[in-house]
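Trainee: Dropping the sequence and predicted coords here.
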Amino acid sequence: MKGQNLTIGLDIGSHAVKICELKDTKSGLQLISLGSARLPEGAVDDGELRDPDAVALTIKALMKNLKIKSKKVGISISGYSVILKKINLAVMGDTELEEHIQSEAEQYIPFDISEVYLDFQDLKTGSEGEDRTDVMLVAAKKDVVDIYLDMLKSIGLKTVLVDVDAFALENSFEVTSGQEGNILLVDIGSSKMNINIISGGASLFARDIAFGSRQLTELIQDKFDLSFEDAEALKTGAAEPGDNSEDLEEIFVSTTTQWALEIKKAIDFYNSNFPDSPLEKLVLSGGGARVKGLDTFFAEDTGIPVEVFNPFISVTADDKKIDPDYLQYIAPEMAISMGLATRPVPF
Ligand SMILES: Nc1ncnc2c1ncn2[C@@H]1O[C@H](COP(=O)(O)OP(=O)(O)OP(=O)(O)O)[C@@H](O)[C@H]1O
Ligand SMILES: [Mg+2]
């Protein structure tokens with residue numbers, strides 16, 4: 001794989017577009033460029049492109065800013081239009097499995113089978129001699145995906161990879177850490193959190209939940225009668241809370257308690273299915289990971305050690321081109337784009 005061209009990782013979130021470009025060198029992965037640009041409110045919602053033109057403009061400007069020449073991008077999708085389902089099947093060869101999946105998938109997918117792109121991965125969970133294995137089924141609504149492909153084409157980009165947020169996150173973690181233990185990955189974005197439990201390099205449980213850091217902004221907006229931007233500033237600490245600090249604290253506590261509850265549901269599910277292999281740690285990413293004290297709170301509440309993810313920990317970067325402080329700051333929300341950017345260009 002060394003020396004191969006890698007895909008430009010393009011993470012189109014509901015708050016911001018993130019771009020990451022890596023190079024595969026003899027001494028490992030090298031960070032060539034990275035950046036993030038805010039999207040207009042409502043341009044992307046629940047994984048759907050509502051305003052393709054606005055998103056296209058943002059991506060184009062960011063690519064230009066970062067002086068990225070390559071046109072081959074990899075994106076990932078999430079939201080209601082993506083269905084992930086783990087199914088248990090008889091062990092069979094790849095071609096046979098591919099045929100079988102087509103007929104099998106229908107019963108698991110709430111959309112007409114002709115309306116979805118279908119993919120799968122044999123998780124090879126059956127140990128030697130067993131005749132059944134788990135297969136992860138991935139389906140995505142064609143119309144939703146096609147809007148992304150058309151939008152990218154309109155600005156001269158070629159989409160060479162369409163992944164799913166949860167798996168791009170998993171890839172990012174595995175490439176960075178080289179670890180294959182029982183890990184709980186949690187990415188808290190603006191409007192959703194991805195929870196993905198991985199073990200031995202495979203995903204055991206993946207779910208999107210419609211909670212994210214935007215909830216905080218909206219609650220702050222309502223409580224103090226502020227504009228979205230002013231509420232956002234109060235949330236991120238860019239503005240001082242003054243007399244409002246107690247009410248603000250209450251919003252943070254109630255919201256993050258809700259987040260922790262969702263995480264604990266996933267942990268309970270995992271523990272009841274795999275009682276003998278406890279989770280080793282929770283790895284936190286996304287812009288929401290920046291909520292002050294969130295890592296400590298999750299660790300106390302779940303009893304699992306928490307680490308804020310830095311996907312660039314084992315990647316080299318030129319300090320003169322990329323400010324190390326900026327890199328450190330932006331790292332947690334670049335997790336998905338980094339995961340996409342490690343993939344070789346398939347053609
Ligand atoms: N210090 C902070 N405290 C709380 N939230 C923060 C902080 N800094 C950034 N955020 C929030 O993180 C979010 C952006 O994170 P991210 O880029 O991961 O989201 P996204 O990928 O665009 O959204 P999604 O994945 O939900 O579609 C925004 O809601 C932003 O307000
Ligand atoms: Mg995101």
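Mentor: Yep, that arrived. Residues are numbered from 1 along each chain as shown. Ligands and ions are numbered 1, 2, ... in the order given.

Trainee: Check the gap between the closest residue to ligand 2 within the stretch 151-300 of the chain and Gly201 for me.
Mentor: Closest residue of the stretch 151-300 of the chain to ligand 2, CB to the ion: Gly189 (3.3 Å). For every residue, glycine as well, the C-beta is placed using N, CA and C. Distance, Gly189 to Gly201, using CB to CB, to the nearest Å: 24 Å.

Trainee: go on, Leu161?
Mentor: Using CB to CB, Leu161 is found at 19 Å from Gly201.

Trainee: Mind checking which of those two has more residues around it?
Mentor: Between Leu161 and Gly201, counted using other CB atoms under 10 Å, Leu161 has the larger neighbour count: 19 against 12.

Trainee: Please name the bridge partners of the nearest residue to the more buried one once chain neighbours are set aside.
Mentor: Leaving aside its sequence neighbours, Leu161 sits nearest to Gly74 (CB to CB, 6 or more residues apart in numbering; 3.4 Å). Applying DSSP bridges to Gly74 gives these bridge partners: Gly9, Leu161.

Trainee: Could you do Ala206 as well?
Mentor: Beta-bridge pairing for Ala206 (DSSP bridges): Asn196.

Trainee: my guess is it contacts Ile195, does it?
Mentor: Yes: Ala206 lies in contact with Ile195 (CB atoms under 8 Å); the separation is 7.1 Å.

Trainee: Neighbouring strands - and their directions - for the helix or strand that contains Cys20?
Mentor: In the assignment (DSSP states H and E), Cys20 maps to strand 16-25. The pairing partners recorded for strand 16-25 under DSSP bridges are strand 8-12 (antiparallel), strand 28-38 (antiparallel).

Trainee: Where does the prediction get shaky in the stretch 151-300 of the chain?
Mentor: Within the stretch 151-300 of the chain, no stretch has pLDDT under 70.

Trainee: I'd like the distance between the residue nearest to Leu161 and Val253.
Mentor: According to CB to CB, Gly74 and Val253 sit 38 Å apart.

Trainee: same deal with Ser227?
Mentor: 24 Å.

Trainee: and the chain, which residues reach ligand 2?
Mentor: Counting by CB under 5 Å from the ion, the positions of the chain adjacent to ligand 2 are 13, 189.

Trainee: Name the nearest residue to the residue of the stretch 1-150 of the chain at minimum distance from ligand 1, ignoring sequence neighbours.
Mentor: Residue nearest to ligand 1 within the stretch 1-150 of the chain: Gly13 (2.2 Å; CB to the nearest ligand atom). Leaving aside its sequence neighbours, Gly13 sits nearest to Gly189 (CB to CB, 6+ apart; 5.3 Å).

Trainee: So the one you found is in contact with Phe211, correct?
Mentor: No: Gly189 is beyond contact range of Phe211, at 9.6 Å (criterion: CB under 8 Å).

Trainee: So which of these two has more stuff around it?
Mentor: Set Gly189 next to Phe211 and count neighbours by other CB under 10 Å: Gly189 wins out with 26 against 19.

Trainee: so who does the more buried one touch?
Mentor: If you count contacts by CB atoms under 8 Å, 6 or more residues apart in numbering, Gly189 has them with 13-15, 212-213, 286-288, 333.

Trainee: cutoff 10 Å now
Mentor: Applying CB atoms under 10 Å, 6 or more residues apart in numbering to Gly189 gives the contacts 11, 13-16, 78, 165, 208, 211-214, 285-289, 333, 336.

Trainee: Also Lys86?
Mentor: So Lys86 contacts 108, 121, 123, 125, 134-137, 202-206 (CB under 10 Å, 6+ apart).
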